[in-house]
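Novice: Quick check, what structure comes out for this input:
(4 chains)
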Number of protein chains: 2
Amino acid sequence: MSSTIKDVARLAGVSPSTVSRVLNQKGTISEDTKSRIYQAMDQLKYVPNDIARNFANGSPRTIALVIDVADAGAYANSFFNNSIFGIETAAHRNGYSLMITNGSEAFGGISGVERLILGKKVDGVIFPISLVNQDFLRKIDEIHFPCVILGKADECSVDMSWVDINNIQAGTIAARHMLRKGYKRIFFLSDSGEDAFNRDRIYGYSRELSANGIPTEEQRVIHIDADINQAVERIGELLASPDAPDGVICSSDRLALGALRAAVKAGLKVPDGFGCLSFDRTAVTDLSDPTITCIDVDTFELGIQAAEMLIEQVEDPMSSMRQVLLSTKIIERQSTAHQEHSQ
Amino acid sequence: MSSTIKDVARLAGVSPSTVSRVLNQKGTISEDTKSRIYQAMDQLKYVPNDIARNFANGSPRTIALVIDVADAGAYANSFFNNSIFGIETAAHRNGYSLMITNGSEAFGGISGVERLILGKKVDGVIFPISLVNQDFLRKIDEIHFPCVILGKADECSVDMSWVDINNIQAGTIAARHMLRKGYKRIFFLSDSGEDAFNRDRIYGYSRELSANGIPTEEQRVIHIDADINQAVERIGELLASPDAPDGVICSSDRLALGALRAAVKAGLKVPDGFGCLSFDRTAVTDLSDPTITCIDVDTFELGIQAAEMLIEQVEDPMSSMRQVLLSTKIIERQSTAHQEHSQ
DNA sequence: TTGTATTAGGCAAACGGTTGCATTGATTGC
DNA sequence: GCAATCAATGCAACCGTTTGCCTAATACAA
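Specialist: Residues are numbered from 1 along each chain as shown, chains lettered A, B, ... in the order given. Next comes the predicted model:
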């Protein structure tokens, strides 16, 4: 049905190899022959068969993004979901296709990812940190398969490329922002689930407070479940206690909303008597009243970086592993619109 | 490096074709030979090269999901994002891989999708309704390429398969719910952006109200921008007018939140004096105070359906087009916890 | 003029499977 | 006891491109 390189060759009166060379801009072909070939391709509406091409080249020119099914649910993980656009964009830009595969489900002993890798359907793979385990890393490392991890993977036994946002810096700018806005007793409200993220944020928070002369014993980190009611309750208790915070840095939108609610309940004015800030930038923070100051993560750029790094590995197997941390920015909104400290 | 079918054949003392037949469970092979082949495969850690396979079979056993870059942004479109999990699951289950491609960006005259299709890299494609245009449909139809549209595509000139949620039914159950909860003057607050969705929902709303003896002139549909402040303002105005609503069905979470805020401002009690309901099930509706009743859409199932329908088309080119509408359910929350009408 | 580069392009093998057809040996029916 | 059937497997062509190697023709230097 659709025409092949041979059809084009015949019509242009040359051999298939010549057509191939024109297609790939290899070798030296006369202008005259070239134009005859282009004309033939036009006439036959020729489009190269990519599967045949990939087969001949021994490379599918495709990368895979592994998804974590645990992310599926009522409220999609927007962190992941936005990165995918960046990954697709960078892949496309470099002439690669993007495949999506499920990380966990295994069929007949080997998982979907492994099948993709071993079956040579992809040149490289982007893996979410949530799905990484030592076993997997060892396998990847053993066969020297190009791989980039989405998330800080610094506790791995093997040297891996990864990209993440700089959570230490995020914690730092969060704390700095609160200090600059004049808040004095700034607590950190963390949900106990996402340890890896929060450890760095807490470190950044703590370091910044210390740098501003706030002793360690006045740095308070509260761990609770990722539940708004617990946040309301816990912050409520704290507000009623002698060492009440006047500002809370929260690891998620729902905790921030809870803190806000507790403050209102306690009769405090936001942002004047109490301020709060969220690390998640979601619709919740935007629609809350008052709107909630938050940290902006460029997940699109995160995806771009991951894909670019992966493709670099694919095209240069000798390239060394890289670890990239992306900076974040703060989006000031009503929940921390306090009087400037410096003024 | 990695072993091929020939290596396995040599080790097992048979011809490559025999190995292939065992692999594909075709023809009749003796148990004895089979076990020798399996053993050889094990020993060599043989995994078939899928690219070569796809090439030989003339089918990549891959489907594509086209994404709309317009969906990328601060707040990801969770409708799309969850469907992808369903699509991947169904594809995987049927032995297909899933590719993601950008619908708009074009390189050298043909777009990424077209290249995937014409380059034979995919067997079929799932297209979001937001990206569909007549030109595209005609092309697809012309080459008879398997395609399923994600979204109701009933205004197309060509017969297409599509899958969507049943928005008429959603509008109906929303209205029915409000009526049963005892609300009398139920308005519909629609954002003017998403016409196609809302037309059906409004139809369902209106039909249900009429069926319950509420005359058309008491059915009010308000169109505003998708902006919370406009919703607060507009609903505020209405609440102050003689024909104030006591219940509002909102096309999105932010409009519902705005309606709720307007009611509180007007001194109404929710849900007793005023009720509201959202079509979007998002974290916003869950975290709002009061929590907002909403319509639950099973986007995972939507993805499953789309992929299954597509694969059916791929495997049986003679199969006829199908249009599927998925039912929705209502999730009752505080914003409509009115006294039951019937009690 | 001869020898050497250089340019243009053909030939055929190779990539790793799949499959129609042919072949062989064993089994069955009459 | 012979033809017909069938199970088990091999042979070789084929899928559409790429590419190393080779050749012919032309250009240029000596």
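Novice: Next, the contact list for the closest residue to A:Lys184 other than its chain neighbours, please.
Specialist: Leaving aside its sequence neighbours, A:Lys184 sits nearest to A:Asp246 (Cβ to Cβ, 6 or more residues apart in numbering or on different chains; 5.7 Å). Heads up, the C-betas are built off the backbone N, CA and C, glycines and all. Residues in contact with A:Asp246 (Cβ atoms under 8 Å, 6 or more residues apart in numbering or on different chains) are A:Tyr183, A:Lys184, A:Arg185, A:Ile186, A:Gly273, A:Phe274, A:Gly275.
Novice: Of these, which qualify as buried by neighbour count?
Specialist: Neighbour counting over the contacts of A:Asp246 (16 or more other Cβ atoms under 10 Å in any protein chain shown) leaves A:Tyr183, A:Arg185, A:Ile186, A:Phe274, A:Gly275 as the buried ones.
Novice: next one: phi and psi at A:Leu65?
Specialist: Main-chain torsions, A:Leu65, degrees, to the nearest 10: phi -110, psi 120.
Novice: same deal with A:Gln25?
Specialist: phi 50, psi 50.
Novice: What count of nearby residues applies to it?
Specialist: Number of residues near A:Gln25 (other Cβ atoms under 10 Å in any protein chain shown) recorded here: 8.
Novice: Just give the nearest non-adjacent residue to A:Asp141, would you?
Specialist: A:Val158 (4.4 Å).
Novice: Show the contacting residues for that neighbour.
Specialist: Contacts for A:Val158 were tallied using Cβ under 8 Å, 6+ apart; they are A:Leu137, A:Arg138, A:Ile140, A:Asp141.
Novice: just A:Asp243 next, same as before
Specialist: Counting by Cβ under 8 Å, 6+ apart, A:Asp243 makes contact with A:Arg185, A:Arg220.
Novice: Give me the buried positions along the helix or strand containing A:Arg199.
Specialist: Using DSSP states H and E, A:Arg199 sits in helix A:195-211. By neighbour count on 16+ other Cβ under 10 Å, the buried set for helix A:195-211 is A:Phe197, A:Asn198, A:Asp200, A:Arg201, A:Ile202, A:Gly204, A:Tyr205, A:Ser206, A:Glu208, A:Leu209.
Novice: filter those by proximity to DNA strand C?
Specialist: Restricting the buried residues of helix A:195-211 to those touching DNA strand C (Cβ under 7 Å from any atom of the strand) yields no residues.
Novice: which two in those residues are spaced the farthest apart?
Specialist: Greatest spacing in the buried residues of helix A:195-211, by Cβ to Cβ: A:Phe197 and A:Leu209 (18.9 Å).
Novice: give me the number of residues near A:Arg176?
Specialist: Neighbours around A:Arg176, by other Cβ under 10 Å: 17.
Novice: Let me see the confidence value for it.
Specialist: Note for A:Arg176: predicted pLDDT of 98.
Novice: Check A:Ser251 too.
Specialist: For A:Ser251, the predicted pLDDT is 94.
Novice: gap between A:Leu238 and A:Leu150?
Specialist: Here A:Leu238 is placed at a distance of 35 Å from A:Leu150 (Cβ to Cβ, to the nearest Å).
Novice: Just give the nearest non-adjacent residue to A:Ala240, would you?
Specialist: Nearest residue to A:Ala240 in three dimensions, chain neighbours excluded: A:Ala266, at 7.0 Å (Cβ to Cβ, 6+ apart).
Novice: The one you found touches A:Leu239, doesn't it?
Specialist: Yes - using Cβ atoms under 8 Å, A:Ala266 is in contact with A:Leu239, at 4.4 Å.
Novice: Neighbour count for the two, which is higher?
Specialist: Each of A:Ala266 and A:Leu239 has its neighbours counted (other Cβ under 10 Å); A:Leu239 has more, 20 against 15.
Novice: Look at the more buried one and tell me its secondary structure.
Specialist: At A:Leu239, secondary structure determined by DSSP: H, G, I helix; E, B strand; the rest coil is helix.
Novice: That one: what's it in contact with?
Specialist: A:Leu239 sits next to A:Pro245, A:Ala262, A:Ala263, A:Ala266, A:Leu268, A:Phe274 when contact means Cβ under 8 Å, 6+ apart.
Novice: And the pLDDT for the fifth one?
Specialist: The reference is to A:Leu268. What the model reports as pLDDT for A:Leu268 is 96.
Novice: The first one now?
Specialist: At A:Pro245 the predicted local distance difference test score is 96.
Novice: That one is in contact with A:Met178, isn't it?
Specialist: No - at 10.0 Å, A:Pro245 does not count as touching A:Met178 under the criterion of Cβ under 8 Å.
Novice: okay, A:Leu238 and A:Leu150: which has more neighbours?
Specialist: Just comparing A:Leu238 and A:Leu150: by other Cβ under 10 Å the higher neighbour count belongs to A:Leu150, 27 against 21.
Novice: any idea how far the more buried one lies from B:Pro215?
Specialist: According to Cβ to Cβ, A:Leu150 and B:Pro215 sit 56 Å apart.
Novice: A:Asp123 now?
Specialist: With Cβ to Cβ as the criterion, A:Asp123 and B:Pro215 are 65 Å apart.
Novice: more neighbours, these two?
Specialist: When A:Asp123 and B:Pro215 are compared on other Cβ under 10 Å, the one with more neighbours turns out to be A:Asp123, at 23 against 8.
Novice: which residues touch that one?
Specialist: A:Ser59, A:Pro60, A:Arg61, A:Thr62, A:Ile63, A:Tyr96, A:Pro146, A:Val314.
Novice: repeat that with 7 Å
Specialist: Residues near A:Asp123 by Cβ atoms under 7 Å, 6 or more residues apart in numbering or on different chains: A:Ser59, A:Pro60, A:Arg61, A:Thr62, A:Ile63, A:Pro146, A:Val314.
Novice: Please consider this matter closed, and thank you.
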